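Asker: Here is a sequence with its predicted model. Questions after.
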Amino acid sequence: MNDFKYNFYLAAQSSTFWLVFFIAYVVLGLFSAGHALLHKRDSRSALGWVVACLVLPIAGSVAYLLFGINRIKSKAKQLSKEMLLKEAQVDLSSVALKKKHKAKYLMTIAETITPGLLTNNNQWQCLRNGEQAFPAMLKAINEAKHQVLLSTYIFGNDATGQAFNGALKAAHERGVSLYVLIDGIGARYSVPSMLKTLKRSGIRCAAFLPPRWFPPQISINLRNHRKILVVDQRVAFTGGINITHKHCVSAVKNGAADLHFSFTGGVVEQLSELFWRDWQLATGEFSKMLERSPAEIEAQGYCRLIADGPDGDLDKLSLTLNAVISAAKEHVILMTPYFIPSKGMIAVMLSAVQKGVTVEVLLPAKSNLWYVDWATQHMMGELINWGVKIYRKPAPFEHSKLVVVDDCYVMVGSANIDPRSLRLNFELMVEVFDQPFCEEMSRLTHELKHQSELVTIGDILKRPLWQKLRDGFFWLFSPYL
């Protein structure tokens, strides 16, 4: 009898456990699927998460918790009244320019999409690869008198990283106020992390959304890919170059070629304000910006910063890109290391070709992400078949991000043309309206294009069947790559 009672007790306990497990299984799956259905803005992404959460409620829900939920709520939405006043004054001064500028049909596009206004009195310089970018950036830090703001995705613990550490440490010892922000995942690309080295040098630094369990921070899919250096509110640098020796292509085997840019003028203030938004999000702190120094030379270069990220800025960059391509009259060239355009962008590109615009895409022959290359290869055929020209540039790996439209509009910065950049990362791009600079960037793209191979429809069709199947398989996951 006692054995019967004991067995009955065990059966009851087991039944209770499985009942609780089943309820949790169903509730977790339904909750996760419902959350994805309500909050995902891309139907393919929503469908993928709903299926994963319902078919595999525990594994799917855990994956959705880690990678699918956007928890970002920017804490730095409001600009100060002083900043708004300055931007309004700049915007008013640009009205006359829009009426006479060759690119006036492109100048108002981003104004309807982003809060960033056109800034004037800008000058800039294109810096190719680490060989030109790093000396210019280090020189600016070495000449700093008041403040240095530095944000980067990767800060390598190598010769270049140590050179920047030395310059920052010397600036700190001179009494310069320093703020360094490194992405929480990018900081782990080096062992040991440069965060520890910088802190030992007395430099104020922080990690952007570092993954951790206590307190919980598991938004590991949302990364800060922006590159910003602002010195004394006088000069700023941005582009695609991380602080790592790998960008010195003449000194490193399998290095990454890239473009970076120095700026003076009104856009420096916008870059500084964007840095403080990110700093506040990462640390909860906010510091008052320095006053921008008056430009030593009165320039007529007009720029606008476009911030994009999984917060209030979501889709601003993709909307601007689509609108600019749609408005093109003669020629569009997109240079990007990773190319997985959305269906909307593909439609815009094909529409531009249909109205007689030459649309060209310049890609590396081989990137550092083989699965992205395979997914890209699968969708090339549709674009090439309708007249888009795609070029593959041989090594060194071209990591540059550049958009040139009609030789009168340029967009530079950190964003790639793929779902990760345009949907998940915090990115920045800068629009530049200046005829000589646009012509310079156009010449650069033509120079790189002449080093590249035009991809034909025959190249796509002659792939072995196993390659086509492989490429198609990875293309299925393109919204998540």
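Answerer: Thanks, I have it.
Asker: Over to residue 139. Which of the three states is it?
Answerer: Under DSSP: H, G, I helix; E, B strand; the rest coil, the three-state class of residue 139 is helix.
Asker: ok, it - how many residues close by?
Answerer: Using other Cβ atoms under 10 Å, residue 139 is surrounded by 12 other residues. The C-beta positions use only the backbone N, C-alpha and C, and glycine is treated the same way.
Asker: contacting residues for residue 54?
Answerer: Shown in contact with residue 54 (Cβ atoms under 8 Å, 6 or more residues apart in numbering): 29-30, 33, 60.
Asker: before we move on, what about residue 338?
Answerer: 367, 369, 372, 376, 416-418, 420-421.
Asker: just the residues you listed now: which is nearest residue 455?
Answerer: residue 376 (10.3 Å; Cβ to Cβ).
Asker: in which helix or strand would I find the closest one?
Answerer: For residue 376, the enclosing helix or strand under DSSP states H and E is helix 370-385.
Asker: Please tell me how far that helix is from the chain's geometric centre.
Answerer: Chain-centre distance of helix 370-385: 21 Å, with Cα atoms, centre = their mean, to the nearest Å.
Asker: picking that back up, could I get the contacts of residue 338 as a markdown table with distance to residue 239, neighbour count and pLDDT?
Answerer: Converted to a markdown table, the contacts of residue 338 look like this (distance: Cβ to Cβ, whole Å; neighbours: other Cβ atoms under 10 Å; pLDDT from 0 to 100):
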| residue | distance to residue 239 | neighbour count | pLDDT |
| --- | --- | --- | --- |
| 367 | 18 | 20 | 95 |
| 369 | 20 | 16 | 93 |
| 372 | 21 | 20 | 95 |
| 376 | 22 | 26 | 96 |
| 416 | 13 | 22 | 97 |
| 417 | 16 | 24 | 96 |
| 418 | 18 | 24 | 94 |
| 420 | 18 | 20 | 89 |
| 421 | 14 | 24 | 92 |
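Asker: from the residues you listed, which is closest to residue 393?
Answerer: residue 367 (10.6 Å).
Asker: you'd agree the closest one is in a helix?
Answerer: No. Under three-state DSSP, residue 367 sits outside any helix and is assigned coil.
Asker: dump the residue contacts of it.
Answerer: By Cβ under 8 Å, 6+ apart, the neighbours of residue 367 are 337-338, 373, 397.
Asker: Looking at these, which are in helices?
Answerer: residue 373 (DSSP state H).
Asker: So residue 265 sits against residue 234, correct?
Answerer: No. Using Cβ atoms under 8 Å, residue 265 makes no contact with residue 234, being 10.0 Å away.
Asker: Just want to know which of these two has more residues nearby.
Answerer: Shown here are residue 265 and residue 234; by other Cβ under 10 Å, residue 265 has more neighbours (24 against 20).
Asker: Setting aside sequence neighbours, what's the nearest residue to that one?
Answerer: Using Cβ to Cβ, 6 or more residues apart in numbering and skipping residues adjacent in sequence, the residue nearest residue 265 is residue 122, 3.3 Å away.
Asker: Likewise for residue 306?
Answerer: residue 429 (4.8 Å).
Asker: Surely that neighbour forms part of a strand?
Answerer: Yes. Judged by three-state DSSP, residue 429 forms part of a strand.
Asker: What is the burial count for it?
Answerer: Residues near residue 429, counting by other Cβ under 10 Å: 26.
Asker: Surely it and residue 309 touch.
Answerer: No. With contact defined as Cβ under 8 Å, residue 429 does not reach residue 309; the gap is 11.8 Å.
Asker: okay, and the common contacts of the two?
Answerer: Counting by Cβ under 8 Å, 6+ apart, residue 429 and residue 309 have no contacts in common.
Asker: pLDDT wise, what is residue 194 at?
Answerer: Per-residue pLDDT puts residue 194 at 93.
Asker: which one of the contacts of residue 338 sits closest to residue 435?
Answerer: Checking the contacts of residue 338 against residue 435 with Cβ to Cβ, the nearest one is residue 417 at 25.1 Å.
Asker: Please report how far that closest one lies from residue 56.
Answerer: Using Cβ to Cβ, to the nearest Å, residue 417 is found at 31 Å from residue 56.
Asker: just checking, what packs against the helix or strand hosting residue 230?
Answerer: Element membership for residue 230 (DSSP H and E) is strand 228-231. If you count contacts as 3 or more Cβ pairs under 8 Å, 6 or more residues apart in numbering; DSSP states H and E, strand 228-231 packs onto helix 129-142, strand 147-152, strand 235-239, helix 266-283.
Asker: worst average pLDDT in the ones you listed?
Answerer: For the helices and strands packed on strand 228-231, where the average pLDDT is lowest is helix 266-283, sitting at a mean of 93.
Asker: Which positions within it qualify as buried?
Answerer: 266-279, 281-283 (16 or more other Cβ atoms under 10 Å).
Asker: hang on, the earlier thing: buried residues in the helix holding residue 376?
Answerer: 371-381, 383-384.
Asker: can you list the contacts of residue 367 in CSV and add pLDDT and distance to residue 347?
Answerer: Formatted as CSV, the contacts of residue 367 follow (pLDDT from 0 to 100; distance: Cβ to Cβ, whole Å):
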residue, pLDDT, distance to residue 347
337, 97, 23
338, 97, 20
373, 96, 23
397, 96, 29
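Asker: Next step: the contacts of residue 367 restricted to strands.
Answerer: residue 397 (DSSP state E).
Asker: got the contacts of residue 367 as a markdown table, with distance to residue 167 columns?
Answerer: Supplementary listing: the contacts of residue 367 in a markdown table, determined by distance: Cβ to Cβ, whole Å:
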| residue | distance to residue 167 |
| --- | --- |
| 337 | 28 |
| 338 | 31 |
| 373 | 36 |
| 397 | 27 |
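Asker: ok so, going back, will you turn the buried residues of helix 370-385 into CSV that also has distance to residue 434?
Answerer: Formatted as CSV, the buried residues of helix 370-385 follow (distance: Cβ to Cβ, whole Å):
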residue, distance to residue 434
371, 38
372, 32
373, 34
374, 38
375, 35
376, 32
377, 36
378, 38
379, 34
380, 33
381, 37
383, 30
384, 32
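Asker: now, which of these sits nearest residue 401?
Answerer: Residue 401 lies nearest to residue 372 out of the buried residues of helix 370-385, by Cβ to Cβ, at 14.4 Å.
Asker: Now do the residue nearest to the closest one when sequence neighbours are not counted against residue 151, distance only.
Answerer: Closest residue to residue 372 apart from its sequence neighbours, by Cβ to Cβ, 6+ apart: residue 338 at 5.0 Å. Distance, residue 338 to residue 151, using Cβ to Cβ: 21 Å.
Asker: Residue 144 too?
Answerer: Relative to residue 151, and taking Cβ to Cβ, residue 144 is found at 16 Å.
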